[in-house]
Each structure stands twice: as C-alpha cells, then as structure tokens.
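S.K.: predicted coordinates and the sequence they were generated for:
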Amino acid sequence: MDKLAINITFDENNQIRVLEADKYRESENLKGECMDFLKKIVTFNDNVEQLIVILDEQAKKIEEQKLKAVGARNRIEGEEDNCRKKEQELKTLINERKMELGRLISEHESLKKIEQEQKNLIDKLSNNEAS
C-alpha cells in the first residue's frame with residue numbers, strides 16, 4: 001500500500017502543524033476572507049429583506065391610492081351624469097312652463113276679448129235703455 005507522506009512541522013508558537021507554515025497562513029487568510037464574505041452576504045441578505053418589506057409597503061400604498069383615484073373618478077363621472085340629468089330635467093321643466101305661459105297668454109287674450117265684447121254689449125244695452 002501507498003504510504004501518505006505527512007509532513008509534521010512546528011509553528012512559531014511551537015504547536016504541531018500538519019500543514020506547512022505558509023500553507024497554514026494561506027488557509028487562515030482564506031478562512032478570514034471567507035468569514036468577511038459571509039458577513040457581507042448576511043448584511044446583503046438583511047438589506048434585501050428590508051428593501052422587500054419597504055417595497056411591499058409602498059406597493060400597498062400605491063394600490064390604496066389607485067383605489068382612491070378610481071373611486072374619485074367614478075364619483076366625478078356619477079356627478080357629471082347627475083348634472084346632465086338635472087340639466088335635462090330643468091330644460092324639460094322650462095319648456096313645460098313656456099308652453100303653459102303661452103296657453104295662459106292665449107287664455108288671457110281670449111278673456112280680454114270676451115270682456116271687451118261684454119263691455120260693448122253692456123254699453124250698447126245701456127244706450128238702448130237710455131234712448
């Protein structure tokens with residue numbers, strides 16, 4: 001069987017090392033860089049989660065404002081319809097009143113004519129009695 005060549009060394013603190021000192025330092029540097037990278041990833045993840053929460057809140061606010069805007073638009077359209085209906089009702093009422101005024105004027109003229117005829121008849125009868 002193959003025997004593995006294990007190189008046992010002592011570091012500057014007289015601790016037994018299986019790796020050579022420079023490889024051990026490199027692995028420690030790599031470990032430190034990995035820890036820094038992991039911290040950055042965790043921070044990034046936290047920032048992303050906060051951003052998602054903020055964006056969700058903003059999306060809810062936007063939806064609320066959209067609903068308010070739609071409601072306002074519907075109310076305005078309803079008011080416009082009501083104004084048009086009211087205007088049409090008033091125009092109809094004006095036309096009815098004009099027709100009634102015309103009828104009343106004609107009736108008044110007719111009554112004035114009848115009154116004049118009756119006055120003439122009374123004057124004629126009064127003149128005949130006086131004669």
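M.R.: That came through fine. Numbering: from 1, shown residues only.

S.K.: where along this protein do the helices fall?
M.R.: For the chain, applying DSSP state H gives helices covering 21-130.

S.K.: what about it, any weak spots by pLDDT?
M.R.: Across the chain, the ranges flagged by pLDDT under 70 are 1-5, 130-131.

S.K.: switch the cut-off to 80
M.R.: 1-21, 24, 129-131 (pLDDT under 80).

S.K.: from residue 64, how far out is residue 111?
M.R.: In this view, residue 111 and residue 64 are 68 Å apart by Cβ to Cβ, to the nearest Å. To be clear about C-beta, it is placed using only N, CA and C from the backbone, and glycine gets the same treatment.

S.K.: correction: residue 35
M.R.: Taken as Cβ to Cβ, the span from residue 35 to residue 64 is 44 Å.

S.K.: same thing with residue 94?
M.R.: Going from residue 94 to residue 64 by Cβ to Cβ gives 44 Å.

S.K.: please apply the same query to residue 96.
M.R.: 47 Å.

S.K.: just residue 127 next, same as before
M.R.: Using Cβ to Cβ, residue 127 is found at 92 Å from residue 64.

S.K.: so what's residue 112 up against?
M.R.: By Cβ atoms under 8 Å, 6 or more residues apart in numbering, the contact list for residue 112 is empty.

S.K.: what do you get for the one 10 residues further on?
M.R.: Contact partners of residue 122, counting by Cβ under 8 Å, 6+ apart, are absent.

S.K.: got it, and residue 33?
M.R.: By Cβ under 8 Å, 6+ apart, residue 33 has no neighbours at all.

S.K.: now do residue 24
M.R.: 11, 17.

S.K.: roughly how far does it sit from residue 37?
M.R.: For residue 24, the distance to residue 37 - Cβ to Cβ - is 20 Å.
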